[in-house]
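Peer 1: All I have is the shape, not the residue letters:
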């Protein structure tokens with residue numbers, strides 16, 4: 001399993017991130033990739049490693065989204081929830097995360113990869 005660059009969702013106002021800021025398109029602020037002023041490169045890499053370990057431990061396949069709190073100093077991850085079939089809505093940051101890869105993974109490449117993974121899984125199961 002490969003972890004894309006995570007996004008950080010920032011609250012616009014108040015003390016707590018609202019559901020609208022997190023999930024409703026056109027609200028909330030998502031930073032992809034997170035700026036180095038917020039999380040160091042080392043902590044970001046540790047976060048990605050932790051996410052990959054979690055995905056592998058749960059035996060996730062294809063693609064999924066793991067929502068988590070991340071300690072920006074250590075990269076330690078506290079999982080909130082695992083979405084094995086994440087939605088593709090206007091607020092979805094998945095394409096931004098793919099574009100933040102080195103080299104960037106463009107939407108057509110990303111979806112082609114998903115289709116290829118699904119096809120391989122279908123052949124394997126048959």
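Peer 2: Received, thanks. As the structure is a prediction and not an experimental result, all values here were calculated from the model.

Peer 1: My guess is residue 29 contacts residue 10. True?
Peer 2: Yes: using CB atoms under 8 Å, residue 29 is in contact with residue 10, at 4.3 Å. All C-beta atoms are positioned from the backbone trio N, CA, C, and that covers glycine.

Peer 1: Show me what the longest helix seen in the chain packs onto, helices and strands only.
Peer 2: If you go by DSSP state H, the chain has its longest helix at helix 107-125. Using 3 or more CB pairs under 8 Å, 6 or more residues apart in numbering; DSSP states H and E, the elements in contact with helix 107-125 are helix 94-99.

Peer 1: Tell me which residues of the helix it packs on come out buried.
Peer 2: Of all the residues in helix 94-99, those buried under the rule 16 or more other CB atoms under 10 Å are 94-95, 97-99.

Peer 1: so for that helix, what's the average pLDDT?
Peer 2: Taken as a whole, helix 94-99 carries a mean pLDDT of 89.

Peer 1: Same question for stretch 104-119.
Peer 2: 90.

Peer 1: Show me the helices in this protein, by range?
Peer 2: Listed in chain order, the helices of the chain (DSSP H) span 19-23, 41-57, 94-99, 107-125.

Peer 1: centre of the chain versus the last one, how much separation?
Peer 2: In this case it means helix 107-125. Mean C-alpha position of helix 107-125 versus that of the full chain (CA atoms, centre = their mean, to the nearest Å) differs by 18 Å.

Peer 1: What lies in contact with that helix?
Peer 2: 61-63, 94-95, 98, 105 (CB atoms under 8 Å, 6 or more residues apart in numbering).

Peer 1: which of those residues sit farthest apart?
Peer 2: For those, the maximum inter-member distance is 20.3 Å, found between 61 and 95 (CB to CB).

Peer 1: what number of residues lie near the closest residue to residue 82 other than its chain neighbours?
Peer 2: Distances taken as CB to CB, 6 or more residues apart in numbering place residue 66 nearest to residue 82, at 5.3 Å, with adjacent residues excluded. Residues lying near residue 66 (other CB atoms under 10 Å) number 21.

Peer 1: isn't residue 66 right next to residue 52, touching?
Peer 2: No: applying CB under 8 Å, one finds residue 66 not in contact with residue 52, separated by 9.9 Å.
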